[in-house]
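J.: how would this look folded up:
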Amino acid sequence: MKFGSALSLLFLLPSVVEGFVTPSRVPATTSLSAFDGPRSSAIPEVTVQGGSLKTWTFKSHAVERVQVVLKTEGRPLDADVELWAGPDNTPHKIRVYVENGSSRPFSTVLETPRGPNTVAIRNIGQMEFPMAAQVEAVSSEEALDGEMRPTHGPMTIQGGALRTFPFDPMVDSVQVLLRTDGRPLNARVELLQGPNNNKQVIELYTEDGLDRPFYAILETPGNGNVVRIVNTATVEFPLTCSVGAYRTGRRDSFDDMQPVISGYGSNNGNFSPY
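T.: As a prediction, the model looks like this:
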C-alpha cells in the first residue's frame, strides 16, 4: 500500500512542479503597441502635484520609444519633460505650457534608443495646479512619419526663421514632426487661436534631431487654429518640419453654424451685447 502511494505521488510530481513555474520562464506579455494618439485608459494616470517631480525608468533595452501624455482637469498646465540617458546626460528637453489641460492635453513621443532611459516630469506650476501624467512604451517598428500625410511639408526652416500653418475648423488635432540631419534641434512650437493668443507653447531641445526627432499631437478644438514653428537656433542649424491633420471631425450641425453675437453664442439664449 505504501509503495502504491509513493508511486502515484511520483507521477503527480511533474504536474505539481509545472504549476509553480518561476516567473522568469513565463512568457511576458508586452504592452508595446502602435502609437494611436493620446490615451485615456491604457495605463493608469499618475498625479504630479505642483512643484513636484516624478520619474519613469525603462531598464529594458527593447524599449526604444515612449509616449508621454499630460493633462489637467481644465486648469493651466506648466511642466518640464526630460529624457535622462545616464548620469548628467539629458539628450531631450521639453518645456510645455497649455492654457487648458483638459481640452488640449499634451501628447508627445520620445525616442529612447540605447537604454536604459528615464523620463522625468516636473510640474513647475503652483500647488493649486496638479496634473495627471501617463508614460508608456510604444512600438518602434514603424517610423514616426510612416503613416503621416503632412498637409504642409516637409519643409526646411532656417535658424532664426519661423513658419505658420493655418488649419480648417474641421481639424480636431494636428501632428507635428521636427527633425534635423543629425545636428542639435532647438525650436518653439506654438498653437494660436486668434491674434497673439497662445493656447499652447512648447520649447524643445534635442541633441541629435535625426536620432531623436520631436513628434507631438496638438489638440485644436474650435476655429481659427494656427500652428507656428520657430527655429530658435542660429543659422547654422536648420530643421525640417512636417505638419498635418491627425484627426478631423464635422462642423456642420445647427449649433456649430450659428453666428457669435457680441461674444455670446446663440445657443445660450442670450443675444444682448450688454
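J.: so where's the stretch 51-200 of the chain uncertain?
T.: Within the stretch 51-200 of the chain, the segments meeting pLDDT under 70 span 145-153.
J.: ranges for the strands of it?
T.: Using DSSP state E, counting those that start in this stretch, the strands of the stretch 51-200 of the chain run over 53-58, 65-71, 77-84, 92-98, 106-111, 117-123, 131-137, 152-157, 162-166, 171-179, 185-193, 198-206.
J.: possible to save those as a markdown table with mean neighbour count and distance to residue 242?
T.: To be clear about C-beta, it is placed using only N, CA and C from the backbone, and glycine gets the same treatment. Listed next are those as a markdown table, based on neighbours: other CB atoms under 10 Å; distance: least, CB to CB, whole Å:
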| stretch | mean neighbour count | distance to residue 242 |
| --- | --- | --- |
| strand 53-58 | 14 | 27 |
| strand 65-71 | 22 | 18 |
| strand 77-84 | 21 | 21 |
| strand 92-98 | 21 | 18 |
| strand 106-111 | 22 | 14 |
| strand 117-123 | 20 | 24 |
| strand 131-137 | 20 | 24 |
| strand 152-157 | 16 | 4 |
| strand 162-166 | 15 | 10 |
| strand 171-179 | 22 | 4 |
| strand 185-193 | 21 | 12 |
| strand 198-206 | 20 | 15 |
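J.: what's the closest of the ones you listed to residue 45?
T.: In terms of CB to CB, the element of these nearest to residue 45 is strand 131-137, at 4.1 Å.
J.: quick one: contacts of the closest one?
T.: Strand 131-137 has contacts (CB atoms under 8 Å, 6 or more residues apart in numbering) with 31-32, 39, 42-48, 54, 56, 58, 63, 65-72, 77, 79, 101, 119, 121, 123, 125.
J.: at 7 Å instead, please
T.: With CB atoms under 7 Å, 6 or more residues apart in numbering as the contact definition, strand 131-137 has outside contacts at 31-32, 39, 42-43, 45-48, 54, 56, 58, 63, 65-72, 77, 79, 101, 119, 121, 123.
J.: quick revisit: okay if I get the strands of the stretch 51-200 of the chain as CSV plus distance to residue 212?
T.: Shown next, in CSV, are those (distance: least, CB to CB, whole Å):
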stretch, distance to residue 212
strand 53-58, 15
strand 65-71, 10
strand 77-84, 8
strand 92-98, 5
strand 106-111, 5
strand 117-123, 11
strand 131-137, 16
strand 152-157, 17
strand 162-166, 22
strand 171-179, 9
strand 185-193, 8
strand 198-206, 5
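J.: to residue 246, which of those strands lies closest?
T.: strand 171-179 (4.2 Å).
J.: strands paired with the closest one, and their directions?
T.: Each strand paired with strand 171-179, and its direction, by DSSP bridges: strand 214-219 (antiparallel), strand 239-248 (antiparallel).
J.: figure out which of the ones you listed is closest to residue 166.
T.: Of all the strands paired with strand 171-179, the one in closest proximity to residue 166, counting by CB to CB, is strand 239-248 (10.4 Å).
J.: winner for burial among the strands paired with strand 171-179?
T.: Mean neighbour count (mean count of other CB atoms under 10 Å) peaks for strand 214-219 among those, with a mean of 23.
J.: packing partners for the next helix or strand after that strand?
T.: Counting by DSSP states H and E, the element after strand 214-219 in chain order, helix or strand, is strand 225-231. On a contact count with 3 or more CB pairs under 7 Å, 6 or more residues apart in numbering; DSSP states H and E, strand 225-231 meets strand 162-166, strand 185-193, strand 239-248.
J.: mind running it again at 8 Å?
T.: Counting contacts by 3 or more CB pairs under 8 Å, 6 or more residues apart in numbering; DSSP states H and E, strand 225-231 packs against strand 162-166, strand 171-179, strand 185-193, strand 239-248.
J.: that strand: how far from the chain's middle?
T.: Offset of strand 225-231 from its chain centre (CA atoms, centre = their mean, to the nearest Å): 17 Å.
J.: how near is the residue nearest to residue 169 when sequence neighbours are not counted to residue 168?
T.: In space, and not counting its chain neighbours, residue 169 is closest to residue 223: 4.4 Å by CB to CB, 6 or more residues apart in numbering. Per CB to CB, to the nearest Å, residue 223 is found 9 Å from residue 168.
J.: residue 132 now?
T.: For residue 132, the distance to residue 168 (CB to CB) stands at 30 Å.
J.: good, we can wrap up now.
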